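Peer 1: requesting a structural model of the entry that follows:
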Amino acid sequence: MSSTVIILLVVFGVFFGILIITGIIVAILYNSLIDKKNQVDYAFGGMDVMLKKRYDLIPNLVRTVQKYAIHERELLEKITSLRSQAIHSNLSNEEKVDLDNQLSGTIGQIMVAVESYPDLKANQNFLHLQASLNEVEEQISAARRAYNATVTDYNNGVEMFPTNIIAGMMRLKRKQVFTIVAPERQNINVGEFW
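Peer 2: Next up, the predicted model:
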């Protein structure tokens, strides 16, 4: 064989080797992004289950509080409306996040308003509902933390080099984490409900 043919075979072999290694790296990065995307969907599904449990508790809470808290009618109507939107609408994940934030704030206002109704605070049905709601809220909080951790990992994959190149080709976009709405960050003035 001539030296030119040997050089061409070596060049072709090196080029083919680089092509195979590049293909393997792209496949690994692609699969990594798909895994992160699926983990976000899985975490959101887990949180969605907890939100459904909360939505199922709300009618009982509203009925119990209605008997005592006539002055909180507007809050109760708002909770009922938000629940109805949540279970009867085809919402995007971002819309569900916004709706959940509104619902959390409104439920918090009801729980604070209950302080001015001693009979309601002593009612066994209400105490059971309050305990159940507190348990579900803790589970939602844990699900939100898991979701936020998963979304952060996903966002890192979408934004960091070299996976950001493949994410751009896959049209993957950054996702929002759950954040606390501004009213929930402020201390509640219990005195205004007396």
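Peer 1: so where's the chain shaky on pLDDT?
Peer 2: 70-71, 180-194 (pLDDT under 70).
Peer 1: right, and Glu137 touches Lys53 too?
Peer 2: No - under the criterion of C-beta atoms under 8 Å, Glu137 makes no contact with Lys53, lying 10.0 Å away. All C-beta atoms are positioned from the backbone trio N, CA, C, and that covers glycine.
Peer 1: who has more neighbours, these two?
Peer 2: Between Glu137 and Lys53, counted using other C-beta atoms under 10 Å, the more crowded position is Glu137 (18 against 15).
Peer 1: list the contacts for that one?
Peer 2: 54, 104 (C-beta atoms under 8 Å, 6 or more residues apart in numbering).
Peer 1: so how far is Met111 from it?
Peer 2: 10 Å (C-beta to C-beta, to the nearest Å).
Peer 1: next one: Ser3
Peer 2: Using C-beta to C-beta, Ser3 is found at 85 Å from Met111.
Peer 1: and the helix ranked longest in the chain, what does it pack against?
Peer 2: Secondary structure of the chain per DSSP state H: the longest helix is helix 3-68. Other elements packing on helix 3-68 under the criterion 3 or more C-beta pairs under 8 Å, 6 or more residues apart in numbering; DSSP states H and E are helix 73-88, helix 93-113, helix 118-122, helix 124-159, helix 163-170.
Peer 1: which one of these lies nearest to Ile34?
Peer 2: Across those, Ile34 has its closest neighbour in helix 163-170 (8.3 Å, C-beta to C-beta).
Peer 1: helices or strands up against that closest one?
Peer 2: So helix 163-170, by 3+ C-beta pairs under 8 Å, 6+ apart, packs with helix 3-68, helix 124-159.
Peer 1: most packed of these?
Peer 2: helix 124-159 (a mean of 16; mean count of other C-beta atoms under 10 Å).
Peer 1: distance between that one and the chain's centre?
Peer 2: 8 Å (C-alpha atoms, centre = their mean, to the nearest Å).
Peer 1: could you give the angle of that helix to helix 3-68?
Peer 2: If you take axes from the mean of the first three to the mean of the last three C-alpha atoms, to 10 degrees, helix 124-159 sits at 160 degrees to helix 3-68.
Peer 1: the inter-axis angle of helix 124-159 versus helix 163-170?
Peer 2: 100 degrees.
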